[in-house]
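**Q** After the sequence you'll find the predicted model.
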2 protein chains.
Amino acid sequence: MVGKILIVDDVATNRIVMKVRLTAAGYTPVLAADGASCLKLAQTEAPDLILLELALPDMPGLRLLERLRAEPALLHVPIVICSPLPDAKARCAAFRAGADDFLQKPIDDQTLLARIRSFMRARDEVAGFAQHHDGIAMLGLAEAAAPFYQPGMIALITQRSETALKLRREMAPHLAERVIAITAEEAMSDGAGPGATPDVFVIESDFNGPGSGLRLMSDLRSRTHTRHAAFCVQSSVGAAIGAAVVFDLGAHDLVAPGIPAEELALRLSRLLARKRAADALRASVQDSLRLSVIDSLTGLHNRRYGMAQLAAIADISRRSGQEYAVMVVDLDRFKSVNDRWGHAAGDAVLIEVAARLNRNLREGDLLARIGGEEFLIALPETTLADARGIAERLCHAIEETPVRIGDMGSLRVTVSIGLATSADANLPCVKDALADLIGRADRALLYAKSAGRNQVTISRTAA
Amino acid sequence: MVGKILIVDDVATNRIVMKVRLTAAGYTPVLAADGASCLKLAQTEAPDLILLELALPDMPGLRLLERLRAEPALLHVPIVICSPLPDAKARCAAFRAGADDFLQKPIDDQTLLARIRSFMRARDEVAGFAQHHDGIAMLGLAEAAAPFYQPGMIALITQRSETALKLRREMAPHLAERVIAITAEEAMSDGAGPGATPDVFVIESDFNGPGSGLRLMSDLRSRTHTRHAAFCVQSSVGAAIGAAVVFDLGAHDLVAPGIPAEELALRLSRLLARKRAADALRASVQDSLRLSVIDSLTGLHNRRYGMAQLAAIADISRRSGQEYAVMVVDLDRFKSVNDRWGHAAGDAVLIEVAARLNRNLREGDLLARIGGEEFLIALPETTLADARGIAERLCHAIEETPVRIGDMGSLRVTVSIGLATSADANLPCVKDALADLIGRADRALLYAKSAGRNQVTISRTAA
């Protein structure tokens, strides 16, 4: 899907001309001649972007804008006002009502298309990861993950520091965020850490010679801490480098040098709101990623993660020639704990055993819960003798102290451990060697069980 | 972290000059004067990029390059050769050994920095999502998720079709991938669908007038299907628009018009390999996202997703004024199923009940497993009367047919349902109203249980 664009204009010629331009660029245009059909199509067609002429026959444009913004499904859809009005007050009113940009008719083709590309890229940047899910629900997750509100930070980078200070003073009445004036060097040194990273950068395009502002923006966009910031470029945009290139280089907004402070403040607020929505969605993705590799009961890594990391350890060992060991750990007679004391007691035992195993391993060792009462341990760069010592320590750490189960008292718990090391394996394929190793650890575990439990058994023969 | 760059050069002056340039740009340089220290530092310092002079005192540069590439931890670290050699054969040999780029000394400052920025951006684009995890393990997940090998597709977009056809013919002996010559219009029409999307685009920068190639690249990078493609721009790079801008616009490689076909083929192979690694990591992220919202036993949505989507439904209902209903469904006497027939039987019952609930709901209804034997259902735009009918249908669908539990026979199973609708709620805050609604459904469920189970109870009073 390239993008569906809703064109709202009461003049038929304008709609047709815009439709032709957008179709030629590969977009799917949807047309509305008045506010009522705009509201309806915005709901049914789920456009990716709305181009809106404010002068409509059936309702005031600003009222329509507010109603569009009030729709949950349209909350994050970019709305670009297209208007012949040069009036500064009208622009501010539009931004206040929720517009993302205000283009003055007649609109230059290349600039319009670059502007649209910029919005489309921003849409996919985060939402792309959520595309296989229901849009509403992922936004729900995002909103649940949204951190508490913090005032934003806006950084001004200008040729002369007076320009920035004047801008800051004039924007103050219109902006609740923190505004700082910094140098390019300060922007690029992230020694202050991510807590002090600006959310929005306003950069004079030629603050230090032609193109210096755009280079700085590209630079900040290649750095981990600032790559998700919003960028507003202030430029008169000469003939050499067009407005289109500024957007294609990654700017989120482009403003003229003489822009009134109030309009700039409103534009920056809108940029900040979009950046926050993207941050929340990103946080939700991060959260989901974390949850997908964690066993929710014990907090250990889960089977999926454990198996992937074991494969990585096997791969590294094959290349380095260093031996590694694998253990399969199983709680003894766990079913009877559940049957006699209930699931809550069983859960308490699993949590405590997981914690004890974890405490008795080294950093870099792998511990994962791979089944109901089964744990996988991998010890990189470890000989059989060392692994055996560790396994016996684990058995002892579990047996030594009974596990408290709430106010029901304590339970004596033991584990059986099957141990195997990579030294015995002679299979050329990593995958086969790994399967063989786990198989040997599993068989050693069965032997430990049949030999009376609460013990370590070592697999000594290669398959 | 901006980026750690390993500089490998046997001439002290070269190292110092490069160190000063990179430090000024905010990077952290690490210096090596020979192959042995390069290998060591590459392991211990985990650089983000390596700048490598091939002429070293202690080992042949190509041998060093191969050894770096053989290290699992360095598999995806960009290696840029810096060499005074203009020799075409040397370049090809370097690419064959795993180089990502080959810059000829003396190296233009702006081009070098833009090249580095381009690699840094690519690194963060996908890996940024995995940054809170152990690097090795996420790569492990990525490799596990990697789809079966398919030959790649490379699309050539040139001013004259003969140029593309000649290039394709000449690259054929050096490239196993599919190469197609297409027009800009074909590249932009994604009617062919994602299966036919090229992995790499080679674009003549001025194929249709100055800057047309760069605009096309920006356009393709703003489209969902092509945004993750690799882009190689072919340009003589005039004075108007520098090589730096080409990279900053998102190109992954920049080659001269007269580049030998073999070198281009090798460069494209390397681009493709990097693109595949990013695709695999992206697939692993997608996979993790999916798993994080799914209950692995029943395949239904899990509690986390269910609660987030319920909040979204509540929000939409508040804005639209449309009533919605919530049910809490609980399996009757489920503990005794587990106790008498074992966990496998309990799991079979949960899976079958989940499937029956799912079959008896409408599209757009929410169904999630929110506890061991507890399910949450939300019905958007549904009145109490309709919801009650649906709840009774669900009860009936569960009771009607006994559930088969493997070869152990069949079990009669019933559920109790607590039902509440948003019409009764009068709390102004969505969050409070939602908590109240779930609370009422929960209390109604308790009432259904105490009244004999296998029935629907409706909460009729507001809290």
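**A** Yep, it's here. Numbering: from 1, shown residues only, chains lettered A, B, ... in the order given.
**Q** From here on, just use CA atoms for contacts and neighbour counts.
**A** Noted.
**Q** chain center to the longest helix along chain A: distance?
**A** Longest helix in chain A by number of residues (criterion: DSSP state H): helix A:261-292. Taking C-alpha atoms, centre = their mean, to the nearest Å, one finds helix A:261-292 lying 11 Å from the centre of the chain it belongs to.
**Q** Packing partners of it?
**A** Helix A:261-292 sits against helix A:88-96, helix A:109-127, helix A:135-145, helix A:161-171, strand A:200-204, strand A:230-234, helix B:261-292, with contacts defined as 3 or more C-alpha pairs under 8 Å, 6 or more residues apart in numbering or on different chains; DSSP states H and E.
**Q** out of the ones you listed, nearest to residue A:340?
**A** Set against residue A:340 and scored by C-alpha to C-alpha, those come closest in helix B:261-292, at 32.4 Å.
**Q** Would you map the strands across the stretch 301-450 of chain A?
**A** With DSSP state E, counting those that start in this stretch as the criterion, the stretch 301-450 of chain A has strands at A:325-331, A:366-369, A:374-379, A:403-404, A:410-411, A:415-421.
**Q** so how many other residues sit close to residue A:363?
**A** Under the neighbour criterion other C-alpha atoms under 10 Å in any protein chain shown, residue A:363 is assigned a count of 9.
**Q** Is residue A:405 in contact with residue A:345, as I believe?
**A** Yes. The pair residue A:405 / residue A:345 is scored as a contact, 5.4 Å apart, by C-alpha atoms under 8 Å.
**Q** shaky segments in the stretch 351-463 of chain A?
**A** Where the stretch 351-463 of chain A drops to pLDDT under 70, the residues are A:425-426, A:461-463.
**Q** Pick the most buried one from the strands of the stretch 301-450 of chain A.
**A** Among the strands of the stretch 301-450 of chain A, strand A:415-421 has the highest mean neighbour count (mean count of other C-alpha atoms under 10 Å in any protein chain shown), at a mean of 29.
**Q** If you count contacts, what does that one end up packed against?
**A** Looks like strand A:415-421 contacts strand A:325-331, helix A:384-400, helix A:430-450, strand A:456-458 (3+ C-alpha pairs under 8 Å, 6+ apart).
**Q** and the closest residue to residue A:181 other than its chain neighbours, bridged to which residues?
**A** When the adjacent residues along the chain are set aside, residue A:181 lies closest to residue A:156, with 4.7 Å between them (C-alpha to C-alpha, 6 or more residues apart in numbering or on different chains). Here residue A:156 sits in beta bridges with residue A:181, residue A:202, going by DSSP bridges.
**Q** Could you measure from residue A:156 over to chain B?
**A** Distance of residue A:156 to chain B, computed by C-alpha to the nearest C-alpha, to the nearest Å: 19 Å.
**Q** thinking again about what came up before, quick one, which of the helices and strands packed on strand A:415-421 gets closest to residue B:175.
**A** Smallest distance to residue B:175 across these (C-alpha to C-alpha): 28.2 Å, for helix A:430-450.
**Q** Does anything pack onto the closest one? Which helices or strands?
**A** Using 3+ C-alpha pairs under 8 Å, 6+ apart, the elements in contact with helix A:430-450 are helix A:303-320, strand A:325-331, strand A:415-421, strand A:456-458.
**Q** Going by mean pLDDT, which of these comes out lowest?
**A** Note on these: lowest mean pLDDT is at helix A:303-320, with a mean of 87.
**Q** got the angle for that helix vs helix A:430-450?
**A** Put simply, helix A:303-320 runs at 120 degrees to helix A:430-450, going by axes from the mean of the first three to the mean of the last three C-alpha atoms, to 10 degrees.
**Q** I'd like to know which elements helix A:303-320 is packed against.
**A** When contacts are defined as 3+ C-alpha pairs under 8 Å, 6+ apart, helix A:303-320 sits against strand A:366-369, helix A:430-450, helix B:135-145.
**Q** again, only using 6 Å
**A** Other elements packing on helix A:303-320 under the criterion 3 or more C-alpha pairs under 6 Å, 6 or more residues apart in numbering or on different chains; DSSP states H and E are helix B:135-145.
**Q** Run a quick check on residue A:332 versus residue A:417, I expect a contact.
**A** No. Using C-alpha atoms under 6 Å, residue A:332 makes no contact with residue A:417, being 10.0 Å away.
**Q** What are the contacting residues of stretch A:223-243?
**A** With C-alpha atoms under 6 Å, 6 or more residues apart in numbering or on different chains as the test, stretch A:223-243 has contacts from A:111, A:199-205, A:220-221, A:251-257, B:2.
**Q** Tell me, what's the model's pLDDT at the closest residue in space to residue A:291 that isn't next to it in sequence?
**A** Spatially, and ignoring its direct neighbours in sequence, residue A:291 is nearest to residue B:292 (5.9 Å; C-alpha to C-alpha, 6+ apart). On pLDDT, residue B:292 comes in at 85.
**Q** Quick one: residues contacting the residue nearest to residue A:181.
**A** With contacts defined as C-alpha under 6 Å, 6+ apart, residue A:156 is in contact with A:164, A:181, A:202.
**Q** near chain B at all, whichever strand or helix holds residue A:37?
**A** Residue A:37 is part of helix A:35-44 when elements are defined by DSSP states H and E. No. Helix A:35-44 stays clear of chain B (C-alpha under 6 Å from any C-alpha of the partner chain), getting no nearer than 12.1 Å.
**Q** which element follows that helix toward the C-terminus?
**A** Sequence-wise, the next helix or strand downstream of helix A:35-44 (DSSP H and E) is strand A:49-52.
**Q** Is that next one in proximity to chain B?
**A** No. Strand A:49-52 does not reach chain B (C-alpha under 6 Å from any C-alpha); its nearest approach is 13.3 Å.
**Q** on contacts alone, who are the packing partners of that strand?
**A** Contact partners of strand A:49-52 among helices and strands, from 3+ C-alpha pairs under 6 Å, 6+ apart: strand A:4-8, strand A:79-83.
**Q** Neighbouring strands - and their directions - for that strand?
**A** Here strand A:49-52 is paired, per DSSP bridges, with strand A:4-8 (parallel), strand A:79-83 (parallel).
**Q** ok so, going back, can you list the buried residues in the longest helix of chain A?
**A** Within helix A:261-292, the residues that count as buried by 16 or more other C-alpha atoms under 10 Å in any protein chain shown are A:261-272, A:274-292.
**Q** Then stretch A:437-450?
**A** Here stretch A:437-450 shows A:437-449 as buried, counting by 16+ other C-alpha under 10 Å.
**Q** try stretch A:338-355
**A** Neighbour-count burial for stretch A:338-355, counted by 16+ other C-alpha under 10 Å, picks out A:338, A:345, A:346, A:347, A:348, A:349, A:350, A:351, A:352, A:353, A:354.
**Q** wait, which of the residues you listed is closest to chain B?
**A** Among the buried residues of stretch A:338-355, residue A:338 lies closest to chain B (C-alpha to the nearest C-alpha), at 9.3 Å.
**Q** Near chain B, which residues of chain A? Just list them.
**A** Counting by C-alpha under 6 Å from any C-alpha, the residues of chain A lying close to chain B are A:2, A:117, A:120-121, A:137, A:140-141, A:218, A:222-223, A:249, A:288-289, A:291-292, A:308-309, A:312.
**Q** Residue A:78: what's it in contact with?
**A** A:49, A:100.
**Q** which residues sit in contact with the residue nearest the centre of chain A?
**A** With distances taken as C-alpha atoms, centre = their mean, the residue of chain A nearest its centroid is residue A:282 (2.5 Å). Going by C-alpha under 6 Å, 6+ apart, residue A:282 touches no other residue.
**Q** Tell me the pLDDT of it.
**A** Looking at residue A:282, its pLDDT reads 82.
**Q** From residue A:289, how far out is it?
**A** Here residue A:282 is placed at a distance of 11 Å from residue A:289 (C-alpha to C-alpha, to the nearest Å).
**Q** next one: residue A:109
**A** 41 Å.
**Q** The closest residue in space to residue A:178 that isn't next to it in sequence: neighbouring residues, count only.
**A** Spatial nearest neighbour of residue A:178, chain neighbours left out: residue A:153 (4.8 Å); criterion: C-alpha to C-alpha, 6+ apart. The tally of other residues near residue A:153 (other C-alpha under 10 Å) stands at 17.
**Q** Alright, I will stop here.
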